[in-house]
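Peer 1: Below: sequence and its predicted model.
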Amino acid sequence: MSSKDWLEKDFYSVLGVSKDVTAADIKKAYRKLARELHPDHNPQNSGAEDRFKAVSEAYDVLSDDRKRREYDEMRSLFESGAFRRGARGGGGQTFDMSDLFGQAGRDQRFGGASFSDLFGTIFSGGGGPGQSAAYRTGPARGRDVETEVTLDFLDAVRGVELPITLRAPGLCDTCHGSGAKPGTTPRTCPHCGGTGMVTRNQGAFGFAEPCRDCQGVGTIVDEKCPECGGTGGVTKTRTLTVRIPPGVNDGQRIRLAGRGEPGDRGGPAGDLYIKTLLRPDPVFARSGDDLTVTIPVTYPEAVVGAEVRVPTLDGMVKVRVPANTPSGRVLRVRGRGVPKRDGQSGDLLVTVDIVMPGELSPDALAALEKFAELTPPARRDHLENLR
């Protein structure tokens, strides 16, 4: 139920009770009307059905002590005419609505909405908080724009500069955003005096609404620009050179301030957001700021130990594989990972993968058999105990 309903509907009259009635009397009146108007007792009677809904709605508010108190306070304020613009209080002082609205903040009564949200909803026809923003005059910020770029893995790690082509609204080059034909200028709207808003009185209330003559802009274009038709903007194709910083992640959004759509009436431009999508690399992968790579190691190298060559972003480096290294062990190479914002870099994580030999020569096979004779068998008794 909207706040506007609370002002327009007299729930006490709907239930046929007075404002000072007790909660027990409200409940009694509701039960009586609900029995009389229930759809089961009034088949195909749309009038009774509508009244039944109205009675249920009224009871929902008045049977709840908190809702009833808020409802009474709101109607009391508006019925007194306290919110008329320029209404004078005691002592001849002008009552300023903005004082009340601005200081009230967000009240947990009325569903947590501020008084300005509440009354803005009522005056704008129930559009909800923020509806009046569409009618604001003066400069307005342009909308943000988002696009995507697909990067090679190494470009994302190292950073890259690349052109991006966008097709989006921009300022008209002919009228430079004024909307007027070259050689002419927009004139101030005589109806609203350039404010974009007009005030009208209706009963006890004063309403501010967008000027219909200038559509809330504050100016009128008599001779429209032939290029943009008086809008001040056209759809443009533009190319920007963008610097992608080192170390961006897949799916990361980069913000370029002021590179979005131009603002209205001299307002600031929106922002451009670039979403980065990364192609996989055949050698490297990422784990945060660390790079990962897998290197093959022969069985003798893993047993005896060896020095192997490992690829990095800047070329090959030598890494020592300790003796008796098992397959899957990770060796860390400091500072060979992804560059960070502080100027440091992550590490390179090298995973050892022991590869089995291919076809062996007779001498190699004989040596391996001799090795097996000299090597004690692996202990398997602990596995037997687990069975």
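Peer 2: Cool, the structure landed.
Peer 1: Show me the shaky parts of this protein.
Peer 2: Applying pLDDT under 70 to the chain picks out residues 1-7, 77-139, 202-206, 264-266, 378-387.
Peer 1: Break it down into its structural domains.
Peer 2: Here the domain parsing of the chain from automatic domain parsing is 3-131, 145-186+221-278, 285-374.
Peer 1: these two touch, right, Val157 and Asp314?
Peer 2: No - in this structure, Val157 is not within contact of Asp314 by Cβ atoms under 8 Å, at 11.3 Å. Just so you know, the C-beta spots here come from the backbone N, C-alpha and C atoms, and that holds for glycine as well.
Peer 1: what's the spacing between the nearest residue to Gly159 once chain neighbours are set aside and Gly343?
Peer 2: Of all residues not flanking Gly159 in the chain, Pro246 sits nearest, at 3.6 Å (Cβ to Cβ, 6 or more residues apart in numbering). Using Cβ to Cβ, to the nearest Å, one gets 10 Å for the distance from Pro246 to Gly343.
Peer 1: between Val157 and Asp314, who's got more neighbours?
Peer 2: Val157 (24 against 8; other Cβ atoms under 10 Å).
Peer 1: Tell me which residues touch that one, please.
Peer 2: Pro246, Gly247, Phe284, Arg286, Leu291, Leu313, Val338, Pro339 (Cβ atoms under 8 Å, 6 or more residues apart in numbering).
Peer 1: so who does Arg259 touch?
Peer 2: Counted by Cβ under 8 Å, 6+ apart, Arg259 has contacts Val145, Leu240, Ala269, Asp271, Leu272.
Peer 1: Name the nearest of the residues you listed relative to Ala48.
Peer 2: Val145 (55.5 Å; Cβ to Cβ).
Peer 1: Which strand residues bridge the closest one?
Peer 2: For Val145, the beta-bridge partners under DSSP bridges are Leu272.
Peer 1: before we move on, what about the one 4 residues further on?
Peer 2: Each beta-bridge partner of Val149 is listed here: Thr276, as defined by DSSP bridges.
Peer 1: Torsion angles phi and psi at the closest residue to Pro268 other than its chain neighbours?
Peer 2: Computed as Cβ to Cβ, 6+ apart, the closest residue to Pro268 that is not its neighbour in sequence is Arg141, at 5.3 Å. Per-residue torsions, Arg141: phi -70, psi 140 (degrees, to the nearest 10).
Peer 1: What's the local residue count around Arg141?
Peer 2: Arg141 has 15 neighbouring residues, counting by other Cβ under 10 Å.
Peer 1: for the stretch 101-250 of the chain, what spans make up the strands?
Peer 2: 145-151, 160-171, 187-188, 197-202, 205-210, 219-220, 233-244 (DSSP state E, counting those that start in this stretch).
Peer 1: Can you say which of these is nearest to Glu301?
Peer 2: Closest to Glu301 of these is strand 145-151 (Cβ to Cβ; 35.7 Å).
Peer 1: May I have that closest one exported as PDB, CA atoms only?
Peer 2: Only the C-alpha atoms of strand 145-151 are listed here, as PDB (Å, rounded to 0.1, in the frame of the first residue of the first chain):
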ATOM      1  CA  VAL A 145      29.600   3.100 -21.000                       C
ATOM      2  CA  GLU A 146      30.900  -0.500 -20.700                       C
ATOM      3  CA  THR A 147      32.900  -2.400 -23.300                       C
ATOM      4  CA  GLU A 148      35.000  -5.600 -23.500                       C
ATOM      5  CA  VAL A 149      38.500  -6.300 -24.700                       C
ATOM      6  CA  THR A 150      40.100  -9.700 -25.200                       C
ATOM      7  CA  LEU A 151      43.800  -9.900 -24.300                       C
END
